[in-house]
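> My questions concern the predicted model and sequence given below.
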Amino acid sequence: MTDENWAGILFETLEAAEDPEKAPAMEAYMKHNFKYLGLSTPVLSKLAGPLLKAASQLPGVDWEFIEQAWQKPYREAQYCAISYLNRVRSKLTKDDLPALKRLVQTKSWWDSVDSLSGTIGDIVHRWPELKQEMLAWSVDPDLWTRRVAIIHQLEFKAQTDTDLMTQIILNNLGSREFFINKAIGWCLRQFSWTNPGWVAAFVREHEAVLSNLSKREATKRLPPTA
């Protein structure tokens with residue numbers, strides 16, 4: 001495989017495998033926000049996996065492919081772009097953050113945004129100066145950008161910056177947006193596996209202003225004595 005032809009082969013392979021009988025149910029599950037070819041996750045992995053693996057071993061990051069995938073009318077193309085980005089995480093730098101933000105804000109829904117958040121979090125972890133950028137994202141007019149700011153530390157465990165997480169959450173308290181309040185609860189619940197006492201104390205301190213959804217999600221895994 002050469003770097004000139006792999007993306008075209010990938011899209012042709014996906015389109016040739018279209019399953020119109022399965023597509024409607026997939027589109028309904030995603031609230032009809034996107035068109036689908038009707039490829040289930042196992043089928044998509046089987047078809048795209050080998051090409052994406054080989055492409056990830058080529059030099060650099062193929063942003064042309066990513067942009068092409070994002071422009072395709074079917075959602076499976078965006079899933080392939082996200083899978084590719086996860087495979088080339090180590091090649092991404094802080095200079096890629098603006099391009100990733102554009103992806104977050106384009107064809108946005110929880111499936112793409114949540115997947116991109118891990119890749120973005122990895123960049124922030126490697127370039128700690130980007131924490132200030134996450135603070136800026138936490139007050140962005142775009143709700144999906146705010147959601148990424150809230151959940152970008154999900155994989156950090158003991159290396160979570162609790163001061164940063166606190167400020168980002170405080171910047172989003174009072175929201176009536178489901179995806180924001182769910183994200184607040186999610187990041188707290190995830191951190192409760194690492195530091196249940198900290199999460200319990202945070203919930204107690206901010207109980208009056210945390211949404212019921214956030215509190216319910218945050219305390220799901222807390223032990224009774226936390």
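Ah, there it is.
> now the strands for this protein?
Applying DSSP state E to the chain gives no strands.
> So for residue 146, what's the pLDDT?
Confidence at residue 146, expressed as pLDDT, is 98.
> Just give the number of residues close to it.
Residue 146 has 22 neighbouring residues, counting by other C-beta atoms under 10 Å. Backbone N, C-alpha and C define where each C-beta goes, glycine included.
> for residue 212, same thing?
The local packing of residue 212 (other C-beta under 10 Å) involves 9 other residues.
> can you tell me how far it sits from residue 22?
36 Å (C-beta to C-beta, to the nearest Å).
> And residue 223, by the same measure?
Computed as C-beta to C-beta, the residue 223 to residue 22 distance reads 42 Å.
> Please say which of these two ends up with more neighbours.
A direct count of neighbours by other C-beta under 10 Å for residue 223 and residue 22 places residue 22 higher, at 15 against 9.
> Now do the phi/psi pair for that one.
Main-chain torsions, residue 22, degrees, to the nearest 10: phi -90, psi -20.
> Not counting sequence-adjacent ones, nearest residue to it?
Nearest residue to residue 22 in three dimensions, chain neighbours excluded: residue 38, at 3.7 Å (C-beta to C-beta, 6 or more residues apart in numbering).
> Going by residue numbers, what spans are helices in this structure?
6-16, 23-29, 41-56, 63-71, 75-87, 97-104, 110-126, 131-137, 143-151, 162-170, 178-192, 196-205, 212-218 (DSSP state H).
> can you list the residues that contact the last one?
Outside helix 212-218, the residues that touch it by C-beta atoms under 8 Å, 6 or more residues apart in numbering are 178, 181-182, 184-186, 188-189, 192, 199, 202-203, 207, 210.
> Show me which residues of that helix are buried.
Within helix 212-218, the residues scored as buried using 16 or more other C-beta atoms under 10 Å are 214-215, 217-218.
> Tell me how far the residue minimising distance to the centre of the chain lies from residue 207.
Note on the chain: the residue nearest the mean C-alpha position is residue 114, at 2.3 Å, using C-alpha atoms, centre = their mean. Distance, residue 114 to residue 207, by C-beta to C-beta: 26 Å.
> Then residue 132?
In terms of C-beta to C-beta, residue 132 sits 29 Å off from residue 207.
> Residue 19 too?
48 Å.
> Comparing the two, which residue is more hemmed in?
residue 19 (13 against 9).
> Apart from its neighbours in sequence, what residue is nearest that one?
Nearest-residue entry for residue 19: residue 38, 3.5 Å, with adjacent residues in sequence omitted and distances by C-beta to C-beta, 6+ apart.
> Touching, that neighbour and residue 21? I think so.
Yes. When contacts are counted by C-beta atoms under 8 Å, residue 38 is listed as touching residue 21 (6.7 Å).
> and these two? which has more neighbours close in?
Using other C-beta under 10 Å, the more surrounded residue of residue 38 and residue 21 is residue 38, with 19 against 8.
> For the residue nearest to residue 30 when sequence neighbours are not counted, grab the count of nearby residues.
Here the nearest residue to residue 30 in space, its sequence neighbours aside, is residue 109; by C-beta to C-beta, 6+ apart that works out to 6.6 Å. Using other C-beta under 10 Å, residue 109 is surrounded by 15 other residues.
> who touches residue 109 in this structure?
The contact partners of residue 109, by C-beta under 8 Å, 6+ apart, come to 30-31, 33-34.
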